[in-house]
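K.L.:
Turn this into a model:
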Amino acid sequence: MPTYSLGPGGIATKFRSKSKSQRKKWREEPQQPKEYSTTLVPQDVAAWKAALEAAIDPNTIWTEQDLKQEWLENKYRWYSWNTPIHLTLFLEDYASAELLLNSGANINLYNALGRTALMEAVHNHQYKTVDFLIDHGADLNAPVVDATFQETTYWDTHEKVEVNTLPIYEAIRFADVRMVQKLAEAGADVNCASREGWVPLDIALLDKQDPTIAVLLKHGGHFSSIASHESHFRDELRVMARKLFCSSTHRELFPSQDLLEVYWWIISTPDIQEILCDRDMDISLTSGRLIKSFFNTLCEVGQVEDLQAKEKPFCSQCVAFQSWACPTYETRSEGHDTAVYGDCSVFQLYSLRDHLEESARLGCPLCSMIADGIDKQESYQRRWLGEKGDTEIEKFNTEVVGAVTLELIRPGSSFYMVRILMGSSLNFVLHLTHLDEDTILNTCHYNGRTTETSSPEAFKLAKHWLDKCEGSHTTCKKFCSGEMPLPTRVIDVGDKTRAPFLFRSQGMKGRYCALSYCWGKATANSGFYKTTKANLLSHENAMLLHELPATLRDAIVVARDLGFQYIWIDAICIVQDDGVEWAHEVANMQHVYAGAFFTISTVASSSSDDGLFRLRETRNSTAVCLTYRIPKAFREYAWQAGSTPPKIPDSPMYLVACPNILPAMEPSMYGPVHQRAWTLQEQMMSTRILYYGRGMLWWECFDLYASEGYPEPLHLSDYAPWERSETKNAVRGVLTDRWGDADVFKHWQQLVYDYTGRTMTERRDRLTAIVGLGHAMEPFMKSKFIAGVWPGDRLLESLCWEVRVYEHSMRNPQFPSWSWASVTAFVLYDLAGYQKAYGAMRCIADVVSFDANISDEAQAAVTGSITLKGTVGRLAKPAEWNTDEGILDPYRQDCMADPIDQCWYIDVLESNMWTPTRFVRLLLHQVNIETKTFRRIGIGLGDSEGCSEIIENEVIVLI
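P.N.:
From the prediction side, this is the model:
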């Protein structure tokens, strides 16, 4: 047990009195795992005593394999506690830790992450453990060293601690003033410079940590200071000041070393020196004045506006909430020995909902966002409870009254949240994230209400998304950047002096946008507005805006206002009654949307007469910039789109509150435009899409999915946009080096599932509306797309499609029975597509020949046959078809009208999941016994039971 005494520098111990060379040796020398003869890690003090008596080394460094024991399985991050002293203190087993230290354990031993037990305790806010370590002489200034285990992915930004970080810096990174005070009182070096030259007080000032500054000043902290002259860097002063301000808002703890000079220059200005020299001022007041004076000077020199400090039209209650919320672990962990994630504090915003709504009416942006969220959540819960009956609704009505309260929730991952509660049954979450200066200036609007999605503010945001994508999204620029070949015809949008007109491109290049929309239904009194042979010359002369359907008219307005001269709209740019031209243009439509700089679309309109623009459905549709900061450890950048790994932003980042958008995600993902078959390839091939929604704008590109309320990337891995994005990547060939052709084929199966579930007016367009997507995927499938299938290695799997609701299915005579285009129903690839359900599939039939003929480029009709060789047989019990047995549905018809008597089959795939082996088999109706010609009538999964006339290596022809 070390002896200790109080001295001028705090607690001094025998260990801490060791020479610098001895301490350096502990910090720098790699520590190899020592032999450990026991197979079990001790769980309590008795077990440790027995282990030590058995000569266990108290400084053992365990490997991951050593720690694979049942009682440790649920412990988080083994590499944080892979030594005896780390483990016992992680578990707060102080008796065992005391025993280890008395037996020679090194209190400053490093774990696999290169951290001492003290650093881990500071990192995890274990105040009792820190007290224990201080009392036992831990080195308060032991830095993080190189790790022996490299964690490749930090899911939470706060988990990573840089090499050479001292415990006091880690406490400052978390804005943990209570921990800073403990360390300072115990004698930690409050003036120890980082390798970049910064000292703790510099970092606290740059992060506006008022209480931390006061603690450091009280314990002898000082600012770094070297004589500096403006003349040394006068030309760069503004640029450097701006960089320093930006760095102060970022999550990185230390600014770059080259910014020290401008920092010293600002610290040496008369206003700040006057504050520092005022010995009569209370330290708590000094820190506040220092922060204000420093940032006023920094922003003035850097010619930058501090948007955090900028006055905003918050009500007095929201101002009070943000002052209260300024987070430190001291204020969040009162009464707790450990500040744990998930603890929260409650703030009553208003005692009644009416008061909140009045504040929102008067223009408070945060109250408006909260009131919108309450309305939305209440509506959602009422719809859900309505399905349970009136009793549940009546109960809910009594529970959603009372005060509106806010819970500031500590991060469970890398972001903060504010939970809104009203009564006992209604709650939802506002997410807090960080946005860059440019995004905030282009998206957060507080002065005046923008009532429509056609407002100047909406166009400003759309332009911001376009510019940001063009400037920084690597993947998007790869597919569409600069001028592209114009389609055969485009609409010149004209201007205020000239009406739009149809323009023949004749091979020109330029920037154009496209429109993806729903035509709607033509009525007896009104047909579609379209180009025909009869009006082609007229359209090439002029098209009056007021005569166009609302959606087309609005799209031209959007193109104009965003600076585009040309737009492509299918109804106008294709001569609709010219069959040859129509087939050619449709077959090449994927190139039109792929070449468009962006695509305009709508999730709110079901016809060309509905228009794009809508009135706002909420009081506030944008993020709200807040007036406080969260600790650097928890600052999460909105993912830096287009960069891997995310780069450090080159602009200031600010904390914002984002609306509760997730209940509103469904309309954005599944509007009428996502129910139309023709629009699938338009959505998949478009590099960028600007959606006009129900009172809100949405943006989608390869690197970004965003909305007005959440203008930076959404974290939506569990939502449909993520699935859509993955499939879109496969279609365009993004990251195909990571995927095999099997993965690309799975995405094709997903496309068929999505496509056939959409509506289509004309059955003859069954293949035509997706042929462009097929052609786009040919390079990655290494095959030609014909009749909805992929000849070659994936042909047999291509044939294993399934109709679920066969009662609604009809035959489409323009296509052979083996193509899913031959049925009009919803199609999926359950049997061939889900190996988790059916085990690995193996092709067991042979393709003898594939003979198909297409009518034209659009594949409006296909004829032909496939010759297969394999095991053929007859099914004896057709009565068992179409039963509902979950994933084991034995046999499924393609159409109700197909004959199922005298049913034959051919086995094409084999599953290894069952004993006896089961086969995916195509179900067939014999057309000609002599030529062994069959039509497909269904699909199934079965074995030899109930089968007869089985012939192996039989050759048949499917038509």
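K.L.:
where's residue 222, which helix or strand?
P.N.:
Residue 222 is part of no helix or strand, with elements assigned from DSSP states H and E.
K.L.:
can you tell me which residues contact it?
P.N.:
By C-beta atoms under 8 Å, 6 or more residues apart in numbering, residue 222 lies in contact with 191, 199, 201. Yep, even glycine has a C-beta here, placed from its N, CA and C like the rest.
K.L.:
for the second one, what are its contacts?
P.N.:
The reference is to residue 199. Neighbouring residues of residue 199 by C-beta under 8 Å, 6+ apart: 190, 191, 192, 193, 221, 222, 223, 224.
K.L.:
Let me know the pLDDT of it.
P.N.:
At residue 199, the predicted lDDT confidence score is 97.
K.L.:
And it, how far from residue 161?
P.N.:
If you measure residue 199 against residue 161 using C-beta to C-beta, to the nearest Å, the figure is 19 Å.
K.L.:
Check the first one too.
P.N.:
Spatial separation of residue 191 from residue 161 under the definition C-beta to C-beta is 21 Å.
K.L.:
circling back: out of the contacts of residue 222, the closest to residue 905 would be?
P.N.:
Proximity of the contacts of residue 222 to residue 905 (C-beta to C-beta) peaks at residue 199, which lies at 79.7 Å.
K.L.:
pLDDT score assigned to the residue lying closest to residue 555 once chain neighbours are set aside?
P.N.:
Distances taken as C-beta to C-beta, 6 or more residues apart in numbering put residue 515 closest to residue 555, at 4.5 Å, once the chain neighbours are dropped. On the pLDDT scale, residue 515 is placed at 98.
K.L.:
And this structure, split by domain according to the record?
P.N.:
Residue ranges of the domains in the chain are recorded as 1-189, 456-619+661-715, 784-958, according to automatic domain parsing.
K.L.:
out of these, nearest to residue 325?
P.N.:
The minimum distance between residue 325 and the domains of the chain falls on domain 1-189, with 12.2 Å, by C-beta to C-beta.
K.L.:
and the closest one, how far out from the chain's middle?
P.N.:
Relative to the chain's own centre, domain 1-189 is displaced by 36 Å; criterion: C-alpha atoms, centre = their mean, to the nearest Å.
K.L.:
Now it: average pLDDT?
P.N.:
Predicted confidence along domain 1-189 averages 79 (mean pLDDT).
K.L.:
what's the longest helix seen in the chain packed up against?
P.N.:
With secondary structure taken from DSSP state H, the chain has its longest helix at helix 365-386. Contact here means 3 or more C-beta pairs under 8 Å, 6 or more residues apart in numbering; DSSP states H and E; on that basis helix 365-386 packs against helix 316-325, helix 353-361, helix 390-399, strand 417-422, strand 426-436, strand 624-625.
K.L.:
Can you check the pLDDT for residue 341?
P.N.:
39.
K.L.:
hang on, the earlier thing: residue 191 and residue 161: which is more packed in?
P.N.:
residue 161 (23 against 15; other C-beta atoms under 10 Å).
K.L.:
Cross-check the contact I'm expecting between that one and residue 115.
P.N.:
Yes. In this structure, residue 161 is within contact of residue 115 by C-beta atoms under 8 Å, at 6.7 Å.
K.L.:
Return every residue with contacts to both of those two.
P.N.:
When contacts are counted by C-beta under 8 Å, 6+ apart, residue 161 and residue 115 have 123, 144 as shared neighbours.
K.L.:
So what does residue 116 have for phi and psi?
P.N.:
Phi and psi for residue 116, reported as degrees, to the nearest 10, are phi -80, psi 170.
K.L.:
That one: what's it in contact with?
P.N.:
If you count contacts by C-beta under 8 Å, 6+ apart, residue 116 has them with 107, 108, 109, 110, 138, 139, 142.
K.L.:
which SS class is the last one?
P.N.:
Under the three-state scheme (DSSP: H, G, I helix; E, B strand; the rest coil), residue 142 adopts coil.
K.L.:
Then the fifth one?
P.N.:
Using three-state DSSP, the three-state assignment for residue 138 comes out as coil.
K.L.:
Could you give the number of residues near it?
P.N.:
The tally of other residues near residue 138 (other C-beta under 10 Å) stands at 27.
K.L.:
Over to the first one?
P.N.:
Other residues near residue 107 come to 24 when the count uses other C-beta under 10 Å.
K.L.:
neighbouring contacts of stretch 914-921?
P.N.:
Under the criterion C-beta under 8 Å, 6+ apart, residues 800, 831-832, 838-839, 841, 844, 871, 905-911, 939-944 lie in contact with stretch 914-921.
K.L.:
go on, stretch 608-619?
P.N.:
360, 368-369, 371-372, 376, 449-454, 517-520, 528-529, 549-555, 558, 571, 600, 602, 604-605, 659, 692-696.
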